[in-house]
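In: Here is my input; please provide its structure:
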Amino acid sequence: MSNFLKVHVYVMLAVLSIFGQTQLCLAQQGAGTKLDILDDIGIEQKLDAQIPLELKFTSDTGKEIQLKDLMNGKPVVLSLVYYECPMLCTMVLNGLLKAVNVLSFDIGNEFDVITVSFDPSETAEMASKKKDVYLEQYDREGAAKGWHFLTGEEEAIKKLTAAVGFKYKYNPDNDEYVHASGIMVLTPEGKISRYAYGIEYSSRDLKLSLMEAAKEKIGSPVDQILLYCYHYDPTTGKYGVVIMNVIRVVGTITVVLLFSFIFIMLRRDRRAKNQLVLNNGK
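Out: Below is the predicted model:
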């Protein structure tokens with residue numbers, strides 16, 4: 001190979017090496033940017049923490065209210081979204097809708113729902129339109145007064161999201177928010193009772209959460225037994241079976257049925273004897 005060709009090959013190899021290193025650096029920088037955005041995104045459980053009820057927001061009717069105005073002696077499901085979210089927030093609301101649609105409890109009766117936008121640029125008009133969409137799909141009497149869609153100022157939003165451990169960030173590259181997905185259940189006093197993660201929520205878990213948040217003041221006797229047999233797992237945000245409690249319930253039912261059977265048989269036997277005595281006496 002001539003010296004000219006050798007030099008040419010070396011130059012080409014050097015150029016390719018520099019190009020490859022440059023692409024690697026850009027990729028690492030891009031990955032670093034994405035990782036930076038994802039830092040501190042998530043939901044930190046703050047069970048039993050009090051949310052600041054004095055915070056002011058704007059209702060879907062455009063009226064300024066305080067959170068305490070929406071606490072009406074019922075447990076509350078709190079969802080944090082933003083109304084122009086292209087995907088995840090809609091999935092959160094759809095998952096919540098799916099769960100409440102099969103509950104025997106009614107929004108506006110046994111519990112309320114508060115949906116708050118964490119985008120301070122969104123308006124009451126956006127909230128009202130979003131409310132109309134979900135009320136149409138829920139379609140139960142009294143829901144309009146029990147499902148609230150709010151917007152607010154940045155300071156109030158940050159205080160509320162910090163209180164419930166909801167961490168999110170604005171990404172200027174695509175003009176969207178990066179955030180986790182989940183809902184929270186509050187007691188009638190505004191304390192955080194339970195969390196549920198993801199975009200699909202078990203109606204059973206939600207029902208048990210509402211019953212616990214209401215201090216077991218709602219639900220049928222069968223629901224109370226079900227609550228006794230399940231235990232909330234904070235690491236998953238779900239309820240799991242407590243085997244020993246199930247055994248106790250089954251054992252109690254078995255004993256009750258056994259004694260009931262014995263009582264019925266003794267009573268039947270006594271009636272038969274009395275009838276026999278009466279027949280012999282005639």
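
In: Just the buried residues of stretch 40-51, please?
Out: Neighbour-count burial for stretch 40-51 flags 43, 45-46, 51 (criterion: 16 or more other CB atoms under 10 Å). No exception for glycine: its C-beta is placed from N, CA and C like everyone else's.

In: Could you dump those into CSV and include distance to residue 64, secondary structure and pLDDT?
Out: CSV is the format used below for these (distance: CB to CB, whole Å; DSSP: H, G, I helix; E, B strand; the rest coil; pLDDT from 0 to 100):
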residue, distance to residue 64, secondary structure, pLDDT
43, 28, strand, 94
45, 30, coil, 93
46, 26, coil, 94
51, 18, coil, 97
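
In: and which of the residues you listed is nearest residue 85?
Out: residue 43 (16.3 Å; CB to CB).

In: still on that earlier bit, arrange the buried residues of stretch 40-51 in a markdown table, one row each, with distance to residue 106 as further columns.
Out: Formatted as a markdown table, the buried residues of stretch 40-51 follow (distance: CB to CB, whole Å):
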| residue | distance to residue 106 |
| --- | --- |
| 43 | 27 |
| 45 | 28 |
| 46 | 28 |
| 51 | 23 |
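
In: quick one, helices of the stretch 101-250 of the chain?
Out: Assignment of helices within the stretch 101-250 of the chain using DSSP state H, counting those that start in this stretch yields the ranges 124-138, 143-146, 154-164, 203-213, 221-229, 243-281.

In: so where's this structure uncertain?
Out: Residue ranges of the chain with pLDDT under 70: 1-39, 227-228, 231, 241-261, 263, 266, 269, 272-282.

In: Count the residues that sit near residue 88.
Out: Neighbours of residue 88 under the rule other CB atoms under 10 Å: 17.

In: whoops, residue 146 was the one
Out: Using other CB under 10 Å, residue 146 has 21 other residues around it.

In: swap in the one 4 residues further on?
Out: Close neighbours of residue 150, defined as other CB under 10 Å, add up to 24.

In: Name the nearest residue to it, sequence neighbours excluded.
Out: Counting by CB to CB, 6 or more residues apart in numbering, residue 150 lies nearest to residue 57, which is 4.2 Å off, once chain neighbours are set aside.

In: Next up, the contacts around that neighbour.
Out: Residues near residue 57 by CB atoms under 8 Å, 6 or more residues apart in numbering: 64-67, 116, 150-152, 156.

In: at 10 Å instead, please
Out: 63-67, 69-70, 114, 116-117, 124, 127, 148-153, 156-157, 160 (CB atoms under 10 Å, 6 or more residues apart in numbering).

In: One more: residue 64?
Out: Residue 64 sits next to 56-58, 124, 152 when contact means CB under 10 Å, 6+ apart.

In: May I see the buried residues of stretch 64-84?
Out: Within stretch 64-84, the residues that count as buried by 16+ other CB under 10 Å are 65, 67, 70-71, 74-84.
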